[in-house]
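Asks: everything below, folded, please.
(one chain, ligands or ions: 1)
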Amino acid sequence: MNKLFVDDIDVKNKRVLVRVDFNVPFDSVGGISDDTRIRAVLPTINYLLDEGARVILISHMGRPKGQRDPKLSLAPVAKRLQRLLQKNVLFLNDCLGDEVKNAVEKMQQEDVVLLENLRYYKEEAQNDPGFARQLAGLADIFVNDAFATAHRKHASNVGVTAFLSPCVGGFLMKKEITYFDKAMENPVRPFVAILGGAKVSGKIEALKNLVGKVDKIIIGGGMVFTFLKSIGHEIGKSLVEENMLDMAMDILKLAKAKGVKLYLPIDAVVAEAIDPRAVTKIVPIQEVPPNWLGLDIGPASSTLFAEVLANAKTIVWNGPMGVFEIDAFSRGTYAMVNAVANSYAMTIVGGGDTDVAVHRVGESYKISYISTGGGAFLELLEGKELPGIAVLTSK
Ligand code: AMP
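Replies: Predicted structure coming up:
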């Protein structure tokens, strides 16, 4: 936390380039179906306006891969932002060029401009210095409040920092880093990590890093079957990564060597297919029938895991316990939401799917912090330094 944040610097009258993540989902008729990402950066925008800055917002939307795709325009976001801020937001249908330069030059204090999708230019994802220089040329100061893209090395979050000073984090960035540091660097113990989701391969680096930091690890989701197979269980047709069996065994050994208690499910909800209409059974983990798939942890595992969490003081959770998109396989994940939400711990939940589950159960207000980052959150769990944070000006 040796980085500068927006409240550490003077922004009065300055033109401030603010990288945000306005990559919101749309419904089938083109409306914004969830504006959480817009709301998440309002504190930074409002602060800058209160302090008399001129605010130039930049963001990506989807993956247009260097082409102008009208379906991925940020224009609808400008409209929603205008309503949320209750003030005029000028939308420019490009992020570079003379029209943008002129509009930005005319900005007064407390004006807000939103530029069009950065990824209409392939140079953005290539971290092209020329593109970054032009973006940076619009402003005096850089604020990065796009935590969810901080694991990418793009022109709008890394490239621009070569041409602007200071480069500081916004309030969302500050919140993400503060909570994460509290958990990982100086956790109140017992510290429990819960990992789930589809594949071990996606979580292996996080597991390796966490084994060195936590007191207990709970593993669920599809990834658990690679662990179960590695210790000799029959897992039927459950998801398995044959090339990760040794790695899974190594993690189990490492946890043991470090005195970390590692918990695997003791029962599972199994079915013959990933289908809402499939016949399901709850079986002890030793009794997964051949040709059936394990698609959720069972009720006994939920009870066990709730007991494991009962004395926790810090909990970090990434990844669902089962295929929670289908009702029949959602109970394990929802039970975990309840256990985490009702614990007396500082709780951090991250990864797109996990926060969807928490919101569905209606327990989000009981979670200490829900990260806005999927990939970025996972990379922090892996112990990596995120490029978008590393380049911010140090105190
Ligand atoms: P991830 O992106 O790795 O966090 O994985 C999330 C996905 O894992 C969700 O879409 C779940 O449907 C899926 N998942 C969870 N448990 C299982 C399981 N037992 N078998 C197959 N997929 C699973």
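
Asks: ok, residue 68 touching residue 122?
Replies: No. Assessed by Cβ atoms under 8 Å, residue 68 is found out of contact with residue 122, at 11.5 Å. Backbone N, C-alpha and C define where each C-beta goes, glycine included.

Asks: residue 269 in helix, strand or coil?
Replies: Using DSSP: H, G, I helix; E, B strand; the rest coil as the criterion, the local structure at residue 269 reads strand.

Asks: now do the contacts for it.
Replies: Under the criterion of Cβ atoms under 8 Å, 6 or more residues apart in numbering, the contact list for residue 269 reads 280-282, 294-298, 322, 328-329, 331-332.

Asks: scan those residues and report the most crowded one.
Replies: Each of the contacts of residue 269 was scored for neighbours by other Cβ atoms under 10 Å, and residue 297 scores highest at 33 neighbours.

Asks: and that residue, what are its bridge partners?
Replies: Applying DSSP bridges to residue 297 yields these beta-bridge partners: residue 268.

Asks: for the residue in the stretch 151-300 of the chain that the ligand sits nearest to, which non-adjacent residue is spatially closest?
Replies: Among the residues of the stretch 151-300 of the chain, residue 197 lies closest to the ligand, at 2.5 Å counting by Cβ to the nearest ligand atom. Nearest in space to residue 197, with sequence neighbours left out and distances taken as Cβ to Cβ, 6 or more residues apart in numbering, is residue 319 at 3.0 Å.

Asks: wait, the one you found touches residue 207, no?
Replies: No. With contacts defined as Cβ under 8 Å, residue 319 does not count as touching residue 207, sitting 11.0 Å away.

Asks: any residues in contact with both of those two?
Replies: residue 195.

Asks: report how many residues lie close to residue 189.
Replies: Counted with other Cβ under 10 Å, the burial measure for residue 189 works out to 12 neighbours.

Asks: show me what contacts it?
Replies: 215, 313, 314.

Asks: out of the helices and strands in the protein, which is least certain?
Replies: Among the helical and strand segments of the chain, the one scoring lowest on mean pLDDT, DSSP states H and E is helix 352-361, with a mean of 90.

Asks: list of residues touching that one?
Replies: If you take Cβ under 8 Å, 6+ apart as the criterion, helix 352-361 is touched by 196-197, 317-320, 324, 330, 333-334, 336-338, 340-341, 349, 364, 367, 370-371, 374.

Asks: select only the buried ones of these in ChimeraX?
Replies: Filtering these down to the buried ones (16 or more other Cβ atoms under 10 Å) takes a single ChimeraX command:
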select :196,197,317,318,319,320,324,330,333,334,336,337,340,341,349,367,370,371,374
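
Asks: quick one: pLDDT of residue 1?
Replies: As predicted, residue 1 sits at a pLDDT of 73.

Asks: my bad, should have said residue 72
Replies: 96.

Asks: quick revisit: as a markdown table, the contacts of residue 189 with neighbour count, secondary structure and pLDDT would be great.
Replies: Converted to a markdown table, those look like this (neighbours: other Cβ atoms under 10 Å; DSSP: H, G, I helix; E, B strand; the rest coil; pLDDT from 0 to 100):
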| residue | neighbour count | secondary structure | pLDDT |
| --- | --- | --- | --- |
| 215 | 18 | coil | 98 |
| 313 | 15 | coil | 98 |
| 314 | 23 | strand | 98 |
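
Asks: for the nearest residue to residue 108 once chain neighbours are set aside, which residues make a bridge with it?
Replies: Of all residues not flanking residue 108 in the chain, residue 54 sits nearest, at 6.9 Å (Cβ to Cβ, 6+ apart). Beta-bridge partners recorded for residue 54 (DSSP bridges): residue 15.

Asks: rewinding a little: got the phi/psi numbers for the residue nearest to residue 197?
Replies: According to degrees, to the nearest 10, the main-chain angles of residue 319 amount to phi 100, psi 130.

Asks: roughly how far does it sit from residue 5?
Replies: 30 Å (Cβ to Cβ, to the nearest Å).

Asks: now residue 282
Replies: 49 Å.

Asks: do residue 377 as well
Replies: Counting by Cβ to Cβ, the separation of residue 377 from residue 5 is 19 Å.

Asks: who has more neighbours out of those two?
Replies: Set side by side, residue 377 and residue 5 show unequal neighbour counts under other Cβ under 10 Å, the larger going to residue 377 at 29 against 22.

Asks: excluding chain neighbours, what is closest to that one?
Replies: Of all residues not flanking residue 377 in the chain, residue 350 sits nearest, at 3.4 Å (Cβ to Cβ, 6+ apart).

Asks: pull the contacting residues for that neighbour.
Replies: Contacts were defined as Cβ under 8 Å, 6+ apart; by that measure residue 350 touches 316, 317, 318, 370, 371, 373, 374, 377, 378, 381.

Asks: go on, residue 347?
Replies: By Cβ under 8 Å, 6+ apart, residue 347 lies in contact with 314, 315, 316, 317, 340, 341, 366, 367, 368, 369.
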